[in-house]
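Chemist: Give the three-dimensional model of this entry:
(one chain, ligands or ions: 1)
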Amino acid sequence: MLDKVKELIGDVQSFKTTSKEEIEVFKIKYLGSKGLLKDLFNEFKTVDASLKKDLGQALNNLRNAASDKVQELNEALEEQTETKSIYGDLTRPSEAIELGSRHPISIVRNRIIEVFSKIGFTVSEGPEIEDDWHNFTALNLPEYHPARDMQDTFFIEQNPDILLRTHTSSVQVRYMEENQPPIRTISPGRVFRNEDISSRSHCIFHQVEGLYIDTDVSFADLKQTLLYFTKEMFGKSKIRLRPSYFPFTEPSAEVDIYWGLETEIDHKITKGTGWLEIMGCGMVDPNVLKNANIDSEKYTGYAFGMGIERIAMLLYQIPDIRMFYENDVRFLEQFKSVL
Ligand code: DAH
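Modeler: Numbers count the residues shown, from 1 in each chain. Below you'll find the model as predicted:
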């Protein structure tokens, strides 16, 4: 009988299955109320006392082996069904991929670049931390020039002055120092002004500067370019130029587009006039050309500068400039469909 029990232990240990039904059959066969172990324990009662010690131990081993086996097989089966339910159905549709969105400032900047690149303008960039020469002096704003007060400046160091650029016009100077005409470039970038923050103005914002230098460039060329731009950008073809003053251009003008009164709900956009200012511009002052080592007898040119936030607010009817910098996803998500 001992040999028979040992053989059964071997059988139990080598038993393998992945089927739930077979595990159940195995369990009943060994551990069931009419199972093998029950029979063997009954038989055990009749054996000679001298054999009981070894046989008893062997029977216990068999019972433990059988119940361990059942447990082990059931655990393996459970694990398998778990993995199956995660990876099992390869035909099911995949999770939707969350798409991000571009920031409205990037969308508008890219659009402006696209519009100007169609007529031969390339993109140039300059540093945000500038020296006095590029931000002011070379642009015809010598020290103590009253127009310096038009833009409140964040200074980083004084004597010699190092500052955060107050406009992207500084890139004009850098570009002319490095390149001879013909020049056609636009310079998008971030600018800084020591101004109070409100719904209409911020101490950090973005501009795009434009510069065109060649022989025989006239004010008429500037007007045509502006007309082309407003048509492409806003779908509006009525503009007007109001005489203005900038130290780096002569003559200078401010550009208004006719926006109409249809969107004028609270008199905020055009103040009831239908006209809206979108940028400053003018013919590059010969002093600026000279400061950047360009022959002002031979070449003329025009320049313009506009604020990206202002254009984005107009295009998307954004009522408060601070919304651009708060990173509120409820705001940003609304630009998902725009590239
Ligand atoms: N730099 C001016 C500003 O920040 C904008 C500007 C006006 C740029 C006239 C120009 C220009 O190039 O010709 O207000």
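Chemist: tell me what the lengthiest helix in the chain is packed against?
Modeler: In terms of residue count, the longest helix belonging to the chain (DSSP state H) is helix 49-87. Judged by 3 or more CB pairs under 8 Å, 6 or more residues apart in numbering; DSSP states H and E, helix 49-87 is in contact with helix 2-14, helix 20-31, helix 36-44. C-beta here means a position set from N, CA and C on the backbone, and glycine is covered the same way.
Chemist: Quick one: name whatever helix or strand follows it.
Modeler: Once helix 49-87 ends, the next helix or strand along the chain (criterion: DSSP states H and E) is helix 104-117.
Chemist: does any part of that next one sit near the ligand?
Modeler: No. Counting by CB under 6 Å from any ligand atom, the ligand is not contacted by helix 104-117; separation bottoms out at 13.5 Å.
Chemist: what element comes up after that helix heading to the C-terminus?
Modeler: Criterion used, DSSP H and E; the element after helix 104-117 is strand 122-123.
Chemist: Paired strands for that next one, with orientation please.
Modeler: When pairing is defined by DSSP bridges, strand 122-123 lines up against strand 183-192 (parallel).
Chemist: Contacts only, for the nearest residue to G189 once chain neighbours are set aside.
Modeler: Leaving aside its chain neighbours, G189 sits nearest to T168 (4.9 Å; criterion: CB to CB, 6 or more residues apart in numbering). Contacts for T168 (CB atoms under 8 Å, 6 or more residues apart in numbering) come out as 126, 187-189, 191, 207-209, 305.
Chemist: of those residues, buried ones?
Modeler: The neighbour count (16 or more other CB atoms under 10 Å) marks 126, 187-189, 191, 207-209, 305 as buried among the contacts of T168.
Chemist: of these, list those near the ligand.
Modeler: Okay, of these touching the ligand (CB under 6 Å from any ligand atom), that's 209, 305.
Chemist: so which of the buried ones among the contacts of T168 comes closest to the ligand?
Modeler: Proximity of the buried ones among the contacts of T168 to the ligand (CB to the nearest ligand atom) peaks at G305, which lies at 2.5 Å.
Chemist: Report all helices and strands that the helix or strand containing the closest one contacts.
Modeler: Per DSSP H and E: G305 is located in strand 300-307. Strand 300-307 sits against helix 169-178, strand 204-214, helix 219-234, strand 249-258, strand 275-284, with contacts defined as 3+ CB pairs under 8 Å, 6+ apart.
Chemist: following it, which helix or strand shows up next?
Modeler: Downstream of strand 300-307 (by DSSP H and E), the next one is helix 308-316.
Chemist: Convert the C-alpha atoms of that following helix to CSV, please.
Modeler: Listed in CSV are the C-alpha atoms of helix 308-316, where the atom choice follows Å, rounded to 0.1, in the frame of the first residue of the first chain:
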residue,chain,number,x,y,z
ILE,A,308,0.2,89.7,-31.9
GLU,A,309,-2.1,89.7,-28.8
ARG,A,310,-4.1,92.5,-30.2
ILE,A,311,-4.7,90.7,-33.5
ALA,A,312,-5.5,87.4,-31.8
MET,A,313,-8.0,89.2,-29.5
LEU,A,314,-9.6,90.7,-32.6
LEU,A,315,-9.7,87.4,-34.6
TYR,A,316,-11.0,85.3,-31.7
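Chemist: Identify all contacting residues around that helix.
Modeler: 104-105, 107-109, 112, 188, 202, 205-208, 233-234, 259, 269, 276, 278, 318-319, 321, 324, 335.
Chemist: Could you name the residue of the protein that is farthest from its center?
Modeler: Most distant residue from the mean C-alpha position of the chain: D48, 85.4 Å away (CA atoms, centre = their mean).
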